[in-house]
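Got a predicted structure here, sequence first:
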Amino acid sequence: MVKKFYVTTPIYYVNSEPHIGSSYTTIVADIIARYKRMMGFDVFFLTGTDEHGQKVMQAAKESGVTPKEHVDRLSAKFRDLWEKLEITNDMFIRTTDDFHERTVQAFIKKMMDNGDIYKGKYEGWYCVPDETFWTDEDIISENGKKLCPQCKREVKWVEEENYFFRLSKYNDKLLKYYEEHPEFMEPDFRRNEMLQIIRSGLKDLSISRTTFDWGIPMPDDPKHVVYVWVDALINYLSALGYAENDQKFHNYWPADLHLIGKEINRFHSIIWPAMLMSAGLELPTKVFAHGWLTVNGEKISKSLGNAISPIELMDVYGRDPVRYYLLRDINFGRDGDFSEDNLISRFNADLVNDLSNLVHRTLSMCEKYFDGVIPVFSGKDDSPDKDLYSIIQSNVKKYKDNMDHYQFTQALESIWEIIRYANKYIDLTEPWKLDKQDNGRERLSKVIYNLIDSIRIVSVLISPVMPDTSEQILKKIGYGQDHLAEENFELHRLSSNVKTDKGNPVFMRIDTAQWEKVIKIKSPDIKQNSFAPSIKKDETVNQEKKDNIISLIEIEDFKKVDLRVALVKSAENIIKSEKLLKLSLDMGELGIRQVVAGIAKFYTPQEITGKKIVVLSNLKPTKLMGIESCGMLLAAKINDKLSVLIADRDLEPGAKIS
RNA sequence: UGCGGGGUGGAGCAGUCCGGAAGCUCGUCGGGCUCAUAACCCGAAGGUCAGAGGUUCGAAUCCUCUCCCCGCUACCA
């Protein structure tokens, strides 16, 4: 029986264009899929797009198209990207696919049959313009009115009927499952986070909405659409034909690996398994949450202009080098930084100097000494040969162990151990001298054979990460893609008497002196100071500069600001707050106001009481520590010193400052 | 403020779970080789493993406390 392997990426929310972050997850999944295929697994690799929900509706509205047009357009972008990146997914699912919609309904019906779904009432404050619910604690109350904390417009109390999933019922079962299957959720520190959440008690989950209709209707109650996350998670089943194609479904379920980003861990590691338990299905073997990428040390954001397009990057550096870099330099599971300098450095050092050069110099020698025909394996082993063999064997083993545990950085390191030793092996055996010796011919044959054999194994091992490069190198020594199989990790499987094709080196060095980088950061460029002791210092300087940049404004801008003199009538500490004081202010014609100020570390209530301070009176009110604050007092701060501003001459409270 | 992550030679990181001669890559310096692409091979310099206590024959690793950086969060209004 053939072993199967079912791997998924998240389905991407079609809210914005794909960037390097979404590509990262998919590339990793692709590498795993290719590796498992090489290891003889029957692989099913799924990716797709998540297309329902309120935000999609809004995004469509903003671009002036229907939701369907919007999702068609963006979904196609993802699909095209994966094609360009030669991602080997077996299927691309869309949550607007009709079979998916049917499956979601069937699945929910199953949960209903098991008594896990009930109709309940959702009560809360609702901000209509924002289409958002707020809890009692969130909202701001002012003059008897309840305001939305986001937009400060009035909220209204709504009571909405929703369907709820009895998530709480699975609390203990989940806990037990986590305890019995420590491998279910990785990395371990993420697992601990999930355990904390489960231990603190799960609440039932509202799984339907009636405020908009861009979604899958609830079975038998089309006024409700299914909550987008519930809809989305079920894609992992519908892709396999759950409830429609039993054979395919049973062939691949349960999933062997759900690959996700850390931000969606809770859905995959708590809600999803509970849903599966409810429907009586087996749980996935593993959920693996990877970290986030920054770009050149900065968060990926549109405003910084560093949301780099994966296509652009790969056009410049090539698909394989980018894949290699991502996997080699970023420790899978942790957050990592995508740095173009490091990419270039890896490119030159690992790919050009070590790998490409090894292939090129070896094939040059094969051409020179054997007319490009792979010589026969003969004669007895010398000590460098024995070392070469043992290094290959031990590193092939390490490679497999690491790949099986998704430790890609380490897996690549073990391949490079082989490459480095092969380069050293050339120095130790000195083929150019053997060529000149009368009796060196047999030894020379063996040396060249061993080198090409090493290259063959290396090419096979790198294939999941660098498929194009692997193919190119294998072709040079007479092999096709059918050579990608575990049995070919073994030594001495190289065929002799095959004509090699040296061709051009697989990678050419990047000359950093005249190289134009792809990523251009728009923030002010601080010249790299070679005497600077560390980058941290540069960043500080950078920050200070940013803070000191002051743009000029019109007098009209200033007139928007209403500054007043206010008398502090009383002040008190806020319980459990280190920074805040609650002040009661006499503001003359504006009456008595309550302002919360973050000065508790610098002023005692007694000290500030009676002072005539300056207050920004027309600031939108807010709540701090649940206490209302209608205005802001002015204070100057430098380093650890802070002073509240006070008028030079005595003035009536309420006096306007202009 | 809470939670999480991190602080290891000039840079980037591994090692920390399960204590036992401080390791890898890049960079720098010196040497070797000429098959190869300013490459490859060898050697060297460079670290009080953030700091302070403690446990131990022995601590980067375990315990306690402190400091600093990053992310989210929060009481920056």
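The structure has been received and is ready for your questions. Please read these numbers as outputs of a predicted model, since none were measured by experiment.

OK, contacts around residue A:52?
A:95-96, A:214-216, A:225-226, A:228, A:231-232 (C-beta atoms under 8 Å, 6 or more residues apart in numbering). From N, CA and C alone the C-beta is placed, and that goes for glycine too.

so what's the residue nearest to residue A:650 when sequence neighbours are not counted bridging to?
Leaving aside its sequence neighbours, residue A:650 sits nearest to residue A:612 (C-beta to C-beta, 6 or more residues apart in numbering; 7.1 Å). Taking DSSP bridges as the rule, residue A:612 bridges to residue A:567.

ok, now which ones touch residue A:612?
Residues near residue A:612 by C-beta under 8 Å, 6+ apart: A:565-568, A:646-647, A:650-651, A:653.

quick one on the thing from earlier: so which of the contacts of residue A:52 is the most crowded?
With neighbours taken as other C-beta atoms under 10 Å, the top of the contacts of residue A:52 is residue A:95, carrying 28 neighbours.

Surely it touches residue A:13?
No: in this structure, residue A:95 is not within contact of residue A:13 by C-beta atoms under 8 Å, at 9.9 Å.

Pretty sure residue A:442 sits against residue A:379.
Yes: between residue A:442 and residue A:379 there is a contact under C-beta under 8 Å: 4.6 Å.

Looking at the contacts of residue A:52, which is nearest RNA strand B?
RNA strand B lies nearest to residue A:228 out of the contacts of residue A:52, by C-beta to the nearest atom of the strand, at 19.5 Å.

Excluding residues flanking it in the chain, which one is nearest the closest one?
residue A:53 (3.6 Å).

Name the SS class of the residue with the largest distance to the centre of chain A, please.
Most distant from the centre of chain A: residue A:438, at 60.2 Å, with distances by C-alpha atoms, centre = their mean. Secondary structure, DSSP: H, G, I helix; E, B strand; the rest coil: residue A:438 is coil.

For residue A:311, give me its contacts.
A:81, A:84.

Identify each buried residue in the strand or helix carrying it, please.
In the assignment (DSSP states H and E), residue A:311 maps to helix A:310-317. The neighbour-count check on helix A:310-317 (16 or more other C-beta atoms under 10 Å) flags A:310, A:313-314, A:316-317 as buried.

Residue A:563 touches residue A:654, doesn't it?
No: using C-beta under 8 Å, residue A:563 is not in contact with residue A:654, being 11.2 Å away.

can you pull out the helices in the stretch 151-300 of chain A?
For the stretch 151-300 of chain A, the helices defined by DSSP state H, counting those that start in this stretch cover A:171-180, A:188-199, A:228-233, A:235-238, A:246-252, A:265-266, A:272-278.

Give me the secondary structure label for the residue of the stretch 401-550 of chain A found nearest RNA strand B.
When scored by C-beta to the nearest atom of the strand, the stretch 401-550 of chain A has residue A:505 as its residue closest to RNA strand B, at 2.7 Å. What three-state DSSP gives for residue A:505 is coil.

burial measure for it, as a count.
Residues near residue A:505, counting by other C-beta under 10 Å, number 15.

Local confidence estimate at it?
The model reports residue A:505 with a pLDDT of 95.

mind checking how far the residue nearest to residue A:466 when sequence neighbours are not counted is from residue A:562?
Spatially, and ignoring its direct neighbours in sequence, residue A:466 is nearest to residue A:320 (3.9 Å; C-beta to C-beta, 6+ apart). Distance, residue A:320 to residue A:562, using C-beta to C-beta, to the nearest Å: 61 Å.

Of those two, which one has the most company?
More crowded of residue A:320 and residue A:562, by other C-beta under 10 Å: residue A:320, with 22 against 15.

Helix or strand: which one has that one?
Going by DSSP H and E, residue A:320 is in helix A:319-329.

you'd agree residue A:5 is in a strand?
Yes: residue state for residue A:5 (three-state DSSP) corresponds to a strand.

give the contact list for it.
Applying C-beta under 8 Å, 6+ apart, we find residue A:5 in contact with A:33, A:36, A:41-44, A:256-257.

for residue A:569, helix, strand, or coil?
Three-state assignment for residue A:569 (three-state DSSP): strand.

What sits closest to it if chain neighbours are left out?
residue A:584 (4.8 Å).

quick one on the thing from earlier: what about the residue nearest to residue A:228, how many residues nearby?
The tally of other residues near residue A:53 (other C-beta under 10 Å) stands at 25.

Do you know the pLDDT at it?
85.

Tell me if I'm right that it and residue A:216 touch.
No: contact between residue A:53 and residue A:216 fails when scored by C-beta under 8 Å: they sit 10.5 Å apart.

Output the lowest mean pLDDT helix or strand found in chain A.
helix A:535-548 (a mean of 29; mean pLDDT, DSSP states H and E).

Contacts only, for the residue of the stretch 101-250 of chain A found nearest RNA strand B.
Residue nearest to RNA strand B within the stretch 101-250 of chain A: residue A:189 (3.7 Å; C-beta to the nearest atom of the strand). If you count contacts by C-beta under 8 Å, 6+ apart, residue A:189 has none.

Check the one 10 residues further on too.
By C-beta under 8 Å, 6+ apart, residue A:199 lies in contact with residue A:175.

pLDDT score assigned to it?
On the pLDDT scale, residue A:199 gets 74.

Could you show which parts of the stretch 101-250 of chain A are in contact with RNA strand B?
A:189, A:192-193 (C-beta under 7 Å from any atom of the strand).

What helices and strands are in contact with the strand or helix carrying residue A:103?
According to DSSP H and E, residue A:103 maps onto helix A:98-113. Under the contact criterion of 3 or more C-beta pairs under 8 Å, 6 or more residues apart in numbering; DSSP states H and E, helix A:98-113 touches strand A:217-218, helix A:228-233, helix A:235-238, helix A:272-278.

want to throw those into TSV with mean pLDDT?
Below are the helices and strands packed on helix A:98-113 laid out as TSV (pLDDT from 0 to 100):
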stretch	mean pLDDT
strand A:217-218	92
helix A:228-233	90
helix A:235-238	95
helix A:272-278	93
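
quick one: which of these is nearest residue A:9?
For residue A:9, the closest of these is helix A:235-238, at 10.3 Å, according to C-beta to C-beta.

Which strands and helices lie in contact with the closest one?
Using 3+ C-beta pairs under 8 Å, 6+ apart, helix A:235-238 is in contact with strand A:42-50, helix A:98-113.

now what about the last one, what contacts it?
Under the contact criterion C-beta under 8 Å, 6+ apart, helix A:98-113 has outside partners A:93-95, A:117, A:165, A:207, A:216-219, A:226, A:230-231, A:234-235, A:237-239, A:241-244, A:275, A:278-280.

follow-up on the earlier one: in JSON lines, list the helices and strands packed on helix A:98-113 along with distance to residue A:457.
As requested, those are exported to JSON lines (distance: least, C-beta to C-beta, whole Å):
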{"stretch": "strand A:217-218", "distance to residue A:457": "55"}
{"stretch": "helix A:228-233", "distance to residue A:457": "41"}
{"stretch": "helix A:235-238", "distance to residue A:457": "36"}
{"stretch": "helix A:272-278", "distance to residue A:457": "39"}
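
Can you check which of the ones you listed gets nearest to residue A:324?
Closest approach to residue A:324 among those (C-beta to C-beta): helix A:235-238, 29.0 Å.

could you dump that closest one to CSV, C-alpha only?
The C-alpha trace of helix A:235-238 is given here as CSV (Å, rounded to 0.1, in the frame of the first residue of the first chain):
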residue,chain,number,x,y,z
ASN,A,235,-12.3,23.7,2.7
TYR,A,236,-9.9,21.1,3.9
LEU,A,237,-12.7,18.6,3.7
SER,A,238,-14.6,19.8,0.7
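
For that helix, buried residues please.
A:235-238.

which residues sit against it?
Residues contacting helix A:235-238 (C-beta under 8 Å, 6+ apart): A:8, A:11, A:46, A:48, A:50, A:93, A:95, A:97, A:99-100, A:102-104, A:107, A:249, A:253, A:255, A:258, A:281, A:284.

now that helix, how far from the centre of its chain.
Counting by C-alpha atoms, centre = their mean, to the nearest Å, helix A:235-238 is centred 22 Å from the centre of its parent chain.

again, but for stretch A:12-25
9 Å.
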